[in-house]
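J.: Provide a 3D model corresponding to the input given below.
(one chain, ligands or ions: 1)
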Amino acid sequence: QFHMIKYEDLKWDESLGQGSFTRIYRGHKTDIRDGENYTTEVLLKELDAGHKNCWESFFESASLMSQISHKHLLLVYGVSVHGVQNIMVQEFVKYGALDLYLKRGRSVSVSWKLDVAKQLASALNFLEEKHIVHGNICAKNLLLAREGDQSQGISPFIKLSDPGIMVLDRIPWVAPEVLDAPDDLTLECDKWSFGATVWEIFNNGNSPLQGWDLDEKRQFYESFQKLPPSQWAELADLITQCMDYQAALRPSCRSIIRQLNSLITSGNDVRYTELQIIP
Ligand SMILES: N#Cc1ccc(Nc2nc(N)cc(-n3cnc(CCO)c3)n2)cc1
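T.: Next comes the predicted model:
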């Protein structure tokens, strides 16, 4: 399913933090091609030895990402197993996770945000056409490969990361129907998560329902609540459509892309200095 990489071909540089059950490092891998030594900068994602039970989802997400290739999908070079250690070797994406980038207070324009949302929608459209469910769409799993430069007309560029290991408190990214039946993830689930992710992008990387405990989050679903709406009605409407409690009513990827395109044009015409979602 995926390429096995020899542990001795990997070199660890600095630690870049840790996700749930995983630790990430910048590193390098060496390849020998026609007698030449090549080193490539990589992201090394170590799975905690203690969490053997997440093993299969770790490898599943690695194999998912290495079966398909698309410009907005993260490239996974392969995996390396060393004793009890499992390491996923990914392309190193220059600016890291989008939620941290936005939280660091980079003031990005509305068109920047819409451009990122559209790239995510096109990645989802690609996965939908392949009938592949990602299952963990969120700003933390969007990686920024290019910052973009408005003055030079250079747009940002994002890569959708591997689904990683599903953690429990994924409300409000996980679709409500998944809570009762976590095994049958459908394409519609990714639409719900897309809505929550667009909400994050327009809320400077802040997590929706931040600080709510698990009970309050469950209550949010049980009483069919919606995230605080953006002041931009058309944007709020798109997010609401994606986060419809009836999975079948969520829009197709094509419809999402069409609506984003009209937001991009209307966004250009009407002056939106800064759209703050009032949490
Ligand atoms: N300062 C800084 C900095 C940090 C990281 C990168 N690069 C990179 N490349 C990847 N392939 C994956 C990730 N990554 C980040 N967080 C996760 C866990 C949540 O998905 C994965 N980061 C670049 C700069």
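J.: distance of the residue lying closest to residue 247 once chain neighbours are set aside from residue 242?
T.: For residue 247, ignoring the flanking residues on the chain, the nearest one in space by Cβ to Cβ, 6 or more residues apart in numbering is residue 188 at 3.8 Å. Using the backbone N, CA and C atoms, a C-beta is placed for each residue, glycine as well. Distance of residue 188 to residue 242, computed by Cβ to Cβ, to the nearest Å: 10 Å.
J.: who touches both of those two?
T.: residue 250 (Cβ atoms under 8 Å, 6 or more residues apart in numbering).
J.: tell me which of these two has more neighbours.
T.: Neighbour count, other Cβ atoms under 10 Å: between residue 188 and residue 242, residue 242 has more, with 25 against 22.
J.: quick one, what contacts that one?
T.: 191-192, 194-195, 198, 250-251, 256.
J.: count of residues packed around the nearest residue to it once chain neighbours are set aside?
T.: The shortest distance from residue 242 to any non-neighbouring residue, by Cβ to Cβ, 6+ apart, is to residue 195 (3.0 Å). The number of residues packed near residue 195 is 25, by other Cβ under 10 Å.
J.: for residue 195, which three-state class applies?
T.: The three-state label given to residue 195 by DSSP: H, G, I helix; E, B strand; the rest coil is helix.
J.: which residues touch it?
T.: With Cβ under 8 Å, 6+ apart, residue 195 has these contacts: 238-243.
J.: one more pass at 7 Å, please.
T.: By Cβ atoms under 7 Å, 6 or more residues apart in numbering, the contact list for residue 195 reads 239, 242-243.
J.: what about residue 213, how many residues nearby?
T.: Using other Cβ under 10 Å: residue 213 sits among 10 other residues.
J.: run through the residues that contact it.
T.: Per Cβ under 7 Å, 6+ apart, neighbours of residue 213: none.
J.: any regions of the stretch 151-279 of the chain where pLDDT drops low?
T.: 166-168, 268-279 (pLDDT under 70).
J.: for the residue of it at minimum distance from the ligand, which non-adjacent residue is spatially closest?
T.: Proximity to the ligand, evaluated over the stretch 151-279 of the chain using Cβ to the nearest ligand atom, is greatest for residue 161 at 4.6 Å. Once flanking residues are discounted, residue 161 sits nearest to residue 141: 4.2 Å by Cβ to Cβ, 6+ apart.
J.: got it, and residue 176?
T.: residue 221 (4.6 Å).
J.: for residue 88, same thing?
T.: residue 45 is the one closest to residue 88 (Cβ to Cβ, 6+ apart), at 4.2 Å.
J.: could you do residue 177 as well?
T.: residue 247 (5.7 Å).
J.: contact partners for the one you found?
T.: Contacts of residue 247 by Cβ under 7 Å, 6+ apart are 175, 177, 186, 188.
J.: dihedrals phi and psi, the second one?
T.: With angles defined as degrees, to the nearest 10, residue 177 shows backbone torsions of phi -60, psi -20.
J.: so what's residue 70 up against?
T.: Taking Cβ under 7 Å, 6+ apart, we find residue 70 in contact with 123, 126.
J.: compute the number of surrounding residues for residue 85.
T.: 12.
J.: what do you get for residue 126?
T.: For residue 126, using other Cβ under 10 Å, the count is 18.
J.: can you confirm residue 44 is in a strand?
T.: Yes. The assignment for residue 44 (three-state DSSP) places it in a strand.
J.: the ligand contacts on the stretch 51-200 of the chain?
T.: 74, 90-97, 140-141, 143, 161, 164 (Cβ under 6 Å from any ligand atom).
J.: one more time with 8 Å
T.: When proximity is defined as Cβ under 8 Å from any ligand atom, the stretch 51-200 of the chain approaches the ligand at 74, 90-97, 100, 140-141, 143, 159, 161-162, 164.
J.: strands of the stretch 151-279 of the chain, start to end?
T.: Shown for the stretch 151-279 of the chain, the strands assigned by DSSP state E, counting those that start in this stretch span residues 157-160.
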